[in-house]
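K.L.:
quick one, structure for this:
(one chain, ligands or ions: 1)
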Amino acid sequence: MAPVLAIDGLVVERAGRRIVDGLSLSLEPGDVYALLGGNGAGKSTTLFALLGLLPRSGGRIAVAGHDPATAPDAVRAATAYLLENVALYPSFTARENIDYFLDLAGTPRAAGAVADALCAVKLAQSAWDRPVGGFSKGMRQKTGIALALLRQTPLLLLDEPTSGLDPAATRDFHVLVADVAARGVAVLMVTHDLFGAADVAGRIGLLAGGRLAREWQAAADSPRFDLNQLHNGFVSA
Ligand SMILES: Nc1ncnc2c1ncn2[C@@H]1O[C@H](COP(=O)(O)OP(=O)(O)OP(=O)(O)O)[C@@H](O)[C@H]1O
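P.N.:
Numbering: from 1, shown residues only. All right, here's what the predicted structure looks like:
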């Protein structure tokens, strides 16, 4: 099976500095991969390069077989992404935002599909027709994930999705990510949340020096990861 995301030897420079320097990773349908790294490690830079928003100076990227350098529209059509602060129109309701962005992306949907997605992410029905300007971050995340589900893309990119969420909302969000992955979506999640990463990801990579300094695979047994080892790798990378 062709990977949903294939990154091979990626090099990205910003202002003449090599930020990403030989990053390789590959995601199959249903994979959840957590990319960790300290501030400035190049996590967001990697996501921008995947979306074709930053040029690369070396290596290869294929998203659902498309190269963001030559086919950015095809890459974006194959990718849903949730940035740290979900970009929704505050004066639109949850439903209006979803309809607006689906129309913008030219995504067809069956009658009732938006309501089904909002149910799937467990956004309280009383909130569906309220302006999202009054939503908590967790409610905005749910709206964003509902939109991502409706777009039915093979790849979902998440940039620090749980920063600012309380533990219960973080846990709910991880359950949601697991549900999305169970539908066959490949999920790449950039995070600082070590414990959250171990909670939801099948693999965890630590980005340092522009490449994967360490990688952990989910073991068959519980606990899946040696969190102490992971923490030590995080602080000493
Ligand atoms: N617009 C820019 N122009 C030049 N360099 C930039 C720009 N934005 C970020 N950088 C540099 O690129 C490096 C990587 O930044 P990036 O935002 O990718 O890191 P990150 O791992 O996502 O960090 P954080 O965890 O703090 O969000 C940093 O050294 C940063 O200074």
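
K.L.:
you'd agree Leu176 is up against Ala146?
P.N.:
No: applying Cβ atoms under 8 Å as the test, Leu176 and Ala146 come out as separate, 9.4 Å apart. (Each C-beta comes from the backbone N, C-alpha and C, glycine too.)

K.L.:
contact residues of this protein facing the ligand?
P.N.:
Taking Cβ under 6 Å from any ligand atom as the measure of proximity, the chain contacts the ligand at Arg14, Ala15, Ile19, Gly37, Asn39, Gly40, Ala41, Gly42, Lys43, Ser44, Thr45.

K.L.:
so which of these wins on neighbours?
P.N.:
Gly42 (27 neighbours; other Cβ atoms under 10 Å).

K.L.:
was I right about that residue contacting Leu207?
P.N.:
Yes: counting by Cβ under 8 Å, Gly42 does reach Leu207; the two are 5.9 Å apart.

K.L.:
which neighbours do those two have in common?
P.N.:
Leu23 (Cβ atoms under 8 Å, 6 or more residues apart in numbering).

K.L.:
could you chop the protein up by domain?
P.N.:
Annotated domains of the chain cover 5-78+153-236, 89-152 [automatic domain parsing].

K.L.:
Serialize these to a markdown table and add fields for mean pLDDT.
P.N.:
Formatted as a markdown table, the entries for the domains of the chain read as follows, by pLDDT from 0 to 100:
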| stretch | mean pLDDT |
| --- | --- |
| domain 5-78+153-236 | 88 |
| domain 89-152 | 90 |
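
K.L.:
how about the residues of the chain next to the ligand, which pair is most distant?
P.N.:
The distance between the two most remote of the residues of the chain next to the ligand (Cβ to Cβ) is 18.9 Å, for Ala15 and Gly37.
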